[in-house]
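Participant: fold the following.
(chains A and B)
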Amino acid sequence: MSKKHWIIIICISLFVVACKKSDIIQEEIDTFLGFQKPANFPETSYNFAANPVTKPGFELGRALFYEARLSRNNTISCGSCHIQSSAFTQHGHDVSHGIDDRLGTRNSPPIMNLAWNKAFMWGGGVYDLDLQPIVPITAHEEMDETLENVFKKLRLLPKYNALFKSAFGSDEINTSRFMKALSQFMVMCVSSNSKYDKVMRKEGNTSFTQAELNGYNIFKEKCGSCHKEPLFTDGTFRNNGLSLSPVKDQGLYTATLLTSDRYKFKVPSLRNLKYTAPFMHDGRFLTLDAVLAHYSSQVQHLENLDPILNQNGKLGIDISAEEKTNLIAFLATLNDETFINNSSLAEQ
Amino acid sequence: MNKLSIKLTLLTFWTILLLASCSKEDSPVPEFEEKNLAPFSVEFDNIVGDRTLSFNNSATPYINAKGEAFTISMLQYYISNIKLATADGKTYAVKQDDSYFLIKSADKATRFAKVNVPEGDYTRLTFTLGVDSLRSTMGIDKRTGVLDPASNGDHDNGGMYWGWNSGYIFFRFEGNSNVISDDVNGDPTGKKQFKYHIGGFGGYSAPTINNIKTITIDLTSAGIAKVRKDRQSNVHLFVDAMKVFNGSNSFKIADHPNVMFSDYSVNIANNLSQMFKHDHTEN
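Facilitator: Model prediction:
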């Protein structure tokens, strides 16, 4: 072989090696990481052992989440009332706006960090994420459909035959697979990249401003017992002293019939408040100022009022105007732009 | 062959036949062996007082103890966790996954709970009216067949699953009565409908109402179940829907036309455990 030949061979080999290397990099980018627990988050509650998140399972769940066929007349998807740009809530609606312009009685809660949730719905009643989607699908004011009919509609579509096959090994569509796929998508809706998270994880040189830091200290003193870090909810149900709503929603009581649960609602997370107004279970407060005004001066002494809001014969939380300004500055550090812009969570 | 020998042969033949037929009746009770399974069924024969169950018979309605005339449009309930016991105290619980049945009175085929149990003579039958609390909290994988939330239709058409308050409706009984008012305390749609959806398994974490009923039936007076491989032993029960109203917590339809997940459901659930009566056993 001549010298020329050798050079050509070496060049080709180099080229092949280079190709391989770039392939590996490409693969790494494409590799689906599955569910990743953020370093500053506690252990999850969701049973991942029974439903490990896979790429095809997640993709099927995402397709189902944005599938309007889940509703009776194919007009409403999960994503209709859980809009990503609003941190998966229905921004601007006090109560959810469902099929045939029907209105529900409660504010659409965010699909966010659900893997850490033990109870679902503002008033409880559902304690397993895999059973949660049945509620909106069958609710008269939301999707007004039956699971059986949803499955019938999906079975007619080659798209779902293929998606179910790649997620679960065959194209059979049943309740278990359907619910598990939806759960796989929902648990992946993790919001953990707010400024607060970066400060806590000491990422880069991120630090709080003085106002944010002051707000954080006030938060820890006056809010953090119920809105527990880092999820900013302790997952419990409490009566936070709201006056009775016109529909007299009794909250957790409806699900348990225990008088000690009357008017208790789930403590919501404080993450992403910038995108999720209005606030409270019935969306009665349009701004954070209104929420803070409630806690400082409008707490009602109703049955089962949380003792924290009734100390030393004084209702509510003592918060000065300056403290409110600092609190709002701190709460803004909980907004997570990467969450609402995460393209993998968007309708494809 | 002479006449005598023919007679003798015939006699022997008849004796053998007689003995053979006797031996079926008196066959020794097989050794109780957990793996030696044979078919067994419980038949849920729905009746209403001293009449058979028919739907929407408005010309000849049923009349409860309070004198209220009513008709029935739907009756269905879960039966689960079937257990049998022999006179000498041996017990067998049917494998859990195979022990859930939905008895729908509109579908005659569903009136049998068919299971397999070891060969033996059983004197006591136990089952659950409803779905046990453990199964009521299991993952979606374990909710198949009659427990599939997607099966049995929607809430207006025979659905037996409460989505908003995860759990099953154990007993669903609907019908009509002219005693029902047209206002919010009765049926505002004017259809004079009563609805009893009785459920409640005790709650996931905090204790809530528990309407699961364990029914135990002594088989000794109306016929023990002789379970053998070569036959179908069937315990035939009468299930008296009239007991919903006429049980020990007797009530007026007019006073409680709609009872679902509420404290009053506990009273009705207690009546439900009085519905079952052993009529006979087919062995």
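Participant: the strands in the stretch 151-300 of chain A, which residues?
Facilitator: According to DSSP state E, counting those that start in this stretch, the stretch 151-300 of chain A carries its strands in the segments A:237-238, A:265-266.
Participant: could you point out which of those strands sits nearest A:Lys159?
Facilitator: strand A:265-266 (35.2 Å; Cβ to Cβ). For every residue, glycine as well, the C-beta is placed using N, CA and C.
Participant: which residues of the stretch 51-200 of chain B lie near chain A?
Facilitator: Contact residues (Cβ under 8 Å from any Cβ of the partner chain) of the stretch 51-200 of chain B with chain A: B:137, B:139-141, B:143-144, B:148-151, B:153-155, B:159, B:161, B:163-166.
Participant: pipe the strands of the stretch 151-300 of chain A into TSV and attach mean pLDDT, mean neighbour count and distance to chain B per row.
Facilitator: Putting the strands of the stretch 151-300 of chain A into TSV (pLDDT from 0 to 100; neighbours: other Cβ atoms under 10 Å in any protein chain shown; distance: least, Cβ to the nearest Cβ, whole Å) gives the following:
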stretch	mean pLDDT	mean neighbour count	distance to chain B
strand A:237-238	98	21	10
strand A:265-266	97	22	14
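Participant: can you check which of these gets nearest to A:Phe41?
Facilitator: So among the strands of the stretch 151-300 of chain A, strand A:265-266 is nearest, using Cβ to Cβ, at 18.8 Å.
Participant: paired strands for the closest one, with orientation please.
Facilitator: Strand A:265-266 pairs in its sheet with strand A:237-238 (antiparallel), by DSSP bridges.
Participant: got the contact list for the strand it pairs with?
Facilitator: Contacts with strand A:237-238, where a contact means Cβ atoms under 8 Å, 6 or more residues apart in numbering or on different chains, come from A:119, A:123-124, A:226, A:251-252, A:261, A:264-267, A:306.
Participant: change it to 7 Å
Facilitator: Strand A:237-238 is contacted by residues A:124, A:226, A:251-252, A:261, A:264-267, A:306 when judged by Cβ atoms under 7 Å, 6 or more residues apart in numbering or on different chains.
Participant: likewise for stretch A:79-96?
Facilitator: So stretch A:79-96 is contacted by A:65-66, A:97-98, A:103-112, A:142, A:189, A:272, A:275-278, A:282-284, A:339-340, A:345-347 (Cβ under 7 Å, 6+ apart).
Participant: hmm, back to that, so of the contacts of strand A:237-238, which ones are in helices?
Facilitator: Using DSSP state H, no member of the contacts of strand A:237-238 sits in helices.
Participant: now do the contacts for the closest residue to A:Gln90 other than its chain neighbours.
Facilitator: Nearest in space to A:Gln90, with sequence neighbours left out and distances taken as Cβ to Cβ, 6 or more residues apart in numbering or on different chains, is A:Ser108 at 4.0 Å. Applying Cβ under 7 Å, 6+ apart, we find A:Ser108 in contact with A:81-82, A:89-90, A:93, A:96.
Participant: pLDDT at A:Ser108, what is it?
Facilitator: On pLDDT, A:Ser108 comes in at 92.
Participant: coming back round to it: any idea which of the contacts of A:Ser108 is closest to chain B?
Facilitator: Of all these, A:Ser96 has the smallest distance to chain B: 13.8 Å, by Cβ to the nearest Cβ.
Participant: next, count neighbours for the closest one.
Facilitator: Neighbourhood size, A:Ser96 [other Cβ atoms under 10 Å in any protein chain shown]: 24.
Participant: same thing with A:Ala139?
Facilitator: Neighbours around A:Ala139, by other Cβ under 10 Å: 19.
Participant: how much space between it and B:Thr91?
Facilitator: 44 Å (Cβ to Cβ, to the nearest Å).
Participant: output the strands of the stretch 151-300 of chain A as JSON lines; include the columns distance to B:Ala109.
Facilitator: Below are those laid out as JSON lines (distance: least, Cβ to Cβ, whole Å):
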{"stretch": "strand A:237-238", "distance to B:Ala109": "44"}
{"stretch": "strand A:265-266", "distance to B:Ala109": "43"}
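Participant: mind checking which of the contacts of strand A:237-238 are buried?
Facilitator: By neighbour count, with 16 or more other Cβ atoms under 10 Å in any protein chain shown, the contacts of strand A:237-238 hold A:124, A:226, A:251-252, A:261, A:264-267, A:306 as buried.
Participant: where's B:Asp279, which helix or strand?
Facilitator: strand B:276-282 (DSSP states H and E).
Participant: adjacent strands (with direction) for that strand?
Facilitator: strand B:233-240 (antiparallel).
Participant: moving C-terminal from the strand it pairs with, which element do we reach first?
Facilitator: helix B:243-246.
Participant: what's in contact with that following helix?
Facilitator: Contacts of helix B:243-246 (Cβ under 7 Å, 6+ apart): B:64-65, B:173, B:196, B:251, B:253, B:268, B:271-272, B:274-275.
Participant: at 6 Å instead, please
Facilitator: Outside helix B:243-246, the residues that touch it by Cβ atoms under 6 Å, 6 or more residues apart in numbering or on different chains are B:64-65, B:173, B:271, B:274-275.
Participant: greatest separation within these: which pair is it?
Facilitator: With distances taken as Cβ to Cβ, the most widely separated pair in those is B:Ala65 and B:Phe173, at 16.1 Å.
Participant: so for these two, which sits in the more crowded spot?
Facilitator: Comparing B:Ala65 with B:Phe173 by other Cβ under 10 Å, the one with more neighbours is B:Phe173, at 22 against 13.
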